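Enquirer: generate a structure from the sequence data that follows.
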Amino acid sequence: MDLKKHIRDIQDFPIPGILFRDITTMLKDPEALRGGVDAMLKAVEGLAFDAVLGPESRGFIFGMPMAYVLGKGFVPVRKAGKLPAEVARKDYALEYGTATIEIHTDAIAPGQRFIIADDLLATGGTARAIVELVEELGGIVVASVFFIELAGLDGRKVLQGQDVRSALVY
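Expert: Below is the predicted model of the structure:
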């Protein structure tokens, strides 16, 4: 299946000059949705890990079904102020601003191995912040897997030294 046919391009969103790759057109099609999740699962074949980390909100879309199919746990990475228990937090840069993410401190055990699952690798700021949080809590990020990689934004450089895998590359 050519999954790129199911991705809609939206110019100047969320700000002028940004070309947004919209996956909602893929998500509404049952076969394309299955193809997208299957592509993400294929990208992590052969990796040994304990759980899937998924950043809010589109990382939940891919991370949850991956964790379910693989029989792994899922750890949500949320925007600031959304998690109820003790959290570790990290500020990071976006293509068009800054943000803060948080994770429950008890979600990461020392030596525990994770993959990060997200919809998009752009500048790499979100994934880098997650890697740093996991490492600060004693965990290990085995790989980061993305549904879409925007190669021209050099997110791989920000994740240098990490195993980065992408289902689709633009």
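
Enquirer: helices or strands up against the helix or strand bottoming out on mean pLDDT in the chain?
Expert: When each helix and strand of the chain is scored by mean pLDDT, DSSP states H and E, strand 87-94 comes last, with a mean of 90. Helices and strands in packing contact with strand 87-94 are listed as strand 97-104, helix 125-136; criterion 3 or more Cβ pairs under 8 Å, 6 or more residues apart in numbering; DSSP states H and E. All C-beta atoms are positioned from the backbone trio N, CA, C, and that covers glycine.

Enquirer: hey, what's the spatially most central residue of the chain bridged with?
Expert: Centroid-nearest residue in the chain: residue 118, 2.0 Å away (criterion: Cα atoms, centre = their mean). The partner list for residue 118 in beta bridges (DSSP bridges) reads residue 146.

Enquirer: quick one on the thing from earlier: okay, the helices and strands packed on strand 87-94, which one's buried deepest?
Expert: Per-residue neighbour counts averaged over each of the helices and strands packed on strand 87-94 give the maximum for helix 125-136, namely a mean of 21 (mean count of other Cβ atoms under 10 Å).

Enquirer: neighbours of residue 86, how many?
Expert: Residue neighbour count, defined by other Cβ atoms under 10 Å, stands at 9 for residue 86.

Enquirer: mind pulling up the pLDDT for the nearest residue to residue 59 once chain neighbours are set aside?
Expert: With sequence-adjacent residues excluded and distances taken as Cβ to Cβ, 6 or more residues apart in numbering, residue 59 is closest to residue 118, at 4.2 Å. Taken from the predicted model, the pLDDT recorded for residue 118 is 98.
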